[in-house]
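J.: structure here, sequence nowhere to be found:
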């Protein structure tokens with residue numbers, strides 16, 4: 001049985017789950033990362049300062065969309081990331097937002113934005129994307145419902161991780 005005290009699945013949990021399920025478990029329990037970590041500070045700065053002509057942090061249900069922009073009668077939602085190193089996780093997070101919005105009857109396009117790299121990638125929710133999102137939702141629910149976090153596993157993301165003290169201290 002799923003613990004009803006746990007938060008609903010959201011884009012942040014999808015993002016963390018695809019990088020490290022242990023992080024998803026920790027954030028689901030409101031255990032915050034090191035807020036003074038250089039990566040966290042840089043990410044916060046980019047979210048506040050990049051693309052400032054667009055609307056930022058739009059809340060829809062339990063999701064918070066980084067950016068909404070309208071051009072030529074088309075609305076596009078965006079996800080801002082400091083680096084493209086976790087591009088697959090970012091894609092899945094944005095696909096999740098498109099999936100949720102489709103449930104509201106909004107068939108929108110998305111764009112991943114990497115301002116420091118001056119890169120962008122358009123994202124469209126297709127059948128494969130729906131399947132990937134539904135698998136991720138099930139995975140997040142399974143992980144966060146566990147009474148204890150998954151054991152720490154050394155992966156390439158551990159060195160720059162703001163949650164490292166929860167695993168390796």
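T.: Arrived safely. Remember, predicted model here, so these are calculated numbers, not experimental data.
J.: does residue 27 touch residue 15 like I think?
T.: No: contact between residue 27 and residue 15 fails when scored by CB atoms under 8 Å: they sit 9.4 Å apart. C-beta coordinates here come from the backbone N, C-alpha and C atoms, glycine included.
J.: okay, and the common contacts of the two?
T.: Shared contacts of residue 27 and residue 15 (CB atoms under 8 Å, 6 or more residues apart in numbering): none.
J.: helices of this structure, start to end?
T.: With DSSP state H as the criterion, the chain has helices at 11-19, 21-28, 38-49, 87-103, 127-144, 164-168.
J.: lowest-confidence stretch among the ones you listed?
T.: With a mean of 60, helix 38-49 has the lowest mean pLDDT of the helices of the chain.
J.: figure out which of the helices of the chain is closest to residue 64.
T.: helix 11-19 (7.2 Å; CB to CB).
J.: what's the closest one packed up against?
T.: helix 21-28, strand 63-71, helix 87-103, helix 127-144 (3 or more CB pairs under 8 Å, 6 or more residues apart in numbering; DSSP states H and E).
J.: next, the buried residues of the third one.
T.: What that stands for is helix 87-103. Buried residues in helix 87-103, counted by 16 or more other CB atoms under 10 Å: 89-101.
J.: export these to TSV and tack on distance to residue 165?
T.: TSV is the format used below for the buried residues of helix 87-103 (distance: CB to CB, whole Å):
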residue	distance to residue 165
89	21
90	24
91	29
92	26
93	24
94	29
95	31
96	28
97	30
98	34
99	33
100	32
101	35
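J.: let's have the helices and strands packed on helix 11-19 in a markdown table, adding distance to residue 9.
T.: Converted to a markdown table, the helices and strands packed on helix 11-19 look like this (distance: least, CB to CB, whole Å):
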| stretch | distance to residue 9 |
| --- | --- |
| helix 21-28 | 9 |
| strand 63-71 | 9 |
| helix 87-103 | 8 |
| helix 127-144 | 5 |
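J.: of all these, which one is nearest residue 160?
T.: Across those, residue 160 has its closest neighbour in helix 21-28 (12.3 Å, CB to CB).
J.: helix 11-19 and the closest one, what's the angle between them?
T.: 160 degrees (axes from the mean of the first three to the mean of the last three CA atoms, to 10 degrees).
J.: so what's residue 114 up against?
T.: Residues near residue 114 by CB under 8 Å, 6+ apart: 80, 81, 82, 83, 84, 120.
J.: that concludes my questions; thank you for your assistance.
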